[in-house]
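K.L.:
Can you look at this prediction? I've put the sequence above it.
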Amino acid sequence: MSGRLDGKVAIVTGAAQGMGAAEARRFAAEGASVLCADVQDEALAALADELGERARAQHLDVTSEEDWVAAVAACEEAFGPVSVLVNNAGILDFAPIPDVDVDRFRRVLEVNVVGTMLGMKHVAPSMRRAGGGSIINISSNAGLVGLPSAAAYVASKWAVRGLSKTAAIDLGGWGIRVTSVHPGGIHTPMTDFGGGESAWARRLPLRRMGQPEEVAAVVAFLASDEASYVTGAEWSVDGGATSGDRGIFDQ
């Protein structure tokens, strides 16, 4: 790797698996120090051990303000002020509108939206002390279009998209850039639905599912100084899904 993240101090949420783990690995490989945060303590500890001295494991329930305060303090103690935040943690729930369970709907919003907001709230002062930084909020292609039977998830990811734009305005004066990344069709534990992916993937312009590492590559760019004039922007990493599918031309 190029070392383009040398000297960066990052917090990555949802780091125990999937895209979060890929992002943490990419950051460490490119020279960043990484606080790997999640509620899955065993998997998180294994990742931190794998990454070595560049990483620390931190239990973090993103809906808990107290956990965020503790995570930022732990990161500063281990590595110094935070210069990169990846709000990656998220959950998914399926139900058509007539069958929506309100408590489950609220839980998705708590994790995906409130968790993202709390991360930005508590990391921003640390980033100001660092002289600026980059916040990358992981939304979804469901934050750009609707998806069937996914009301809570879609609502939450559109909210993350809007939060990112407002935060870019609010925090720009502190030298903090805020962007949203919109993955779709990525192979992760959260999107393992037990088959059927191949037929769906053939309808995509790129005709395949994506890998977490492909999202991590975009996130690493946005975290780097190469993206120094990029803020308030949306980055789709979805194989062209939001361009439209191939429909009847799928042969």
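P.N.:
Alright, I've got the coordinates. Numbering: from 1, shown residues only.
K.L.:
which SS state does residue 26 fall under?
P.N.:
Three-state assignment for residue 26 (DSSP: H, G, I helix; E, B strand; the rest coil): helix.
K.L.:
What count of nearby residues applies to it?
P.N.:
Residue 26 has 23 neighbouring residues, counting by other C-beta atoms under 10 Å. For the C-beta atoms, the positions are set from N, CA and C on the backbone; glycine is no exception.
K.L.:
if I pick it, what's in contact with it?
P.N.:
Contacts of residue 26 were listed using C-beta atoms under 8 Å, 6 or more residues apart in numbering, and they are 1, 213, 216, 217, 219, 220.
K.L.:
can you rerun that using 7 Å?
P.N.:
Contacts for residue 26 were tallied using C-beta atoms under 7 Å, 6 or more residues apart in numbering; they are 216, 217, 220.
K.L.:
Now do the strands in this structure.
P.N.:
In the chain, the segments counted as strands under DSSP state E are 9-13, 33-38, 55-59, 84-87, 133-138, 176-183, 234-237.
K.L.:
Now do the fourth one: everything it contacts.
P.N.:
Under the criterion C-beta under 7 Å, 6+ apart, residues 8-13, 23, 32, 116, 119, 123, 133-138, 219, 223 lie in contact with strand 84-87.
K.L.:
can you rerun that using 6 Å?
P.N.:
Taking contacts as C-beta atoms under 6 Å, 6 or more residues apart in numbering, the residues outside strand 84-87 that touch it are 8, 10-13, 23, 116, 119, 123, 133-137, 223.
K.L.:
And the residues you listed, which two are furthest apart?
P.N.:
Across these, the longest distance by C-beta to C-beta is 20.1 Å; it joins 8 and 116.
K.L.:
which residue packs closest to residue 208, ignoring adjacent ones?
P.N.:
Of all residues not flanking residue 208 in the chain, residue 201 sits nearest, at 5.3 Å (C-beta to C-beta, 6 or more residues apart in numbering).
K.L.:
same deal with residue 159?
P.N.:
The spatially closest residue to residue 159, leaving aside those adjacent along the chain, is residue 113, at 4.5 Å (C-beta to C-beta, 6+ apart).
K.L.:
can you count the residues close to that neighbour?
P.N.:
Residue 113 has 20 neighbours, counted by other C-beta under 10 Å.
K.L.:
switch to numbering from 16
P.N.:
I'll keep to 16 as the first residue from here, and by that count the last item is residue 128.
K.L.:
Now do it, the pLDDT please.
P.N.:
On the pLDDT scale, residue 128 is placed at 98.
K.L.:
cool, and residue 259?
P.N.:
Per-residue confidence for residue 259 comes out at a pLDDT of 81.
K.L.:
What distance do you get for it to residue 161?
P.N.:
For residue 259, the distance to residue 161 equals 14 Å [C-beta to C-beta, to the nearest Å].
K.L.:
Any regions of the stretch 16-165 of the chain where pLDDT drops low?
P.N.:
16-17 (pLDDT under 70).
K.L.:
where exactly do the helices run in it?
P.N.:
In order along the chain, the stretch 16-165 of the chain carries the following helices (DSSP state H, counting those that start in this stretch): 33-44, 56-66, 80-94, 117-124, 130-145.
K.L.:
what angle sits between the second one and strand 48-53?
P.N.:
Orientation note: helix 56-66 sits at an angle of 160 degrees relative to strand 48-53 (axes from the mean of the first three to the mean of the last three C-alpha atoms, to 10 degrees).
K.L.:
Ok, the fourth one next?
P.N.:
Computed by the same axes, to 10 degrees, the angle separating helix 117-124 from strand 48-53 equals 180 degrees.
K.L.:
helices or strands next to helix 117-124 in the packing?
P.N.:
The criterion is 3 or more C-beta pairs under 6 Å, 6 or more residues apart in numbering; DSSP states H and E, and the helices and strands that helix 117-124 contacts are helix 166-186.
K.L.:
tell me the angle the helix it packs on makes with strand 148-153.
P.N.:
Taking the same axes, to 10 degrees, helix 166-186 and strand 148-153 form an angle of 170 degrees between their directions.
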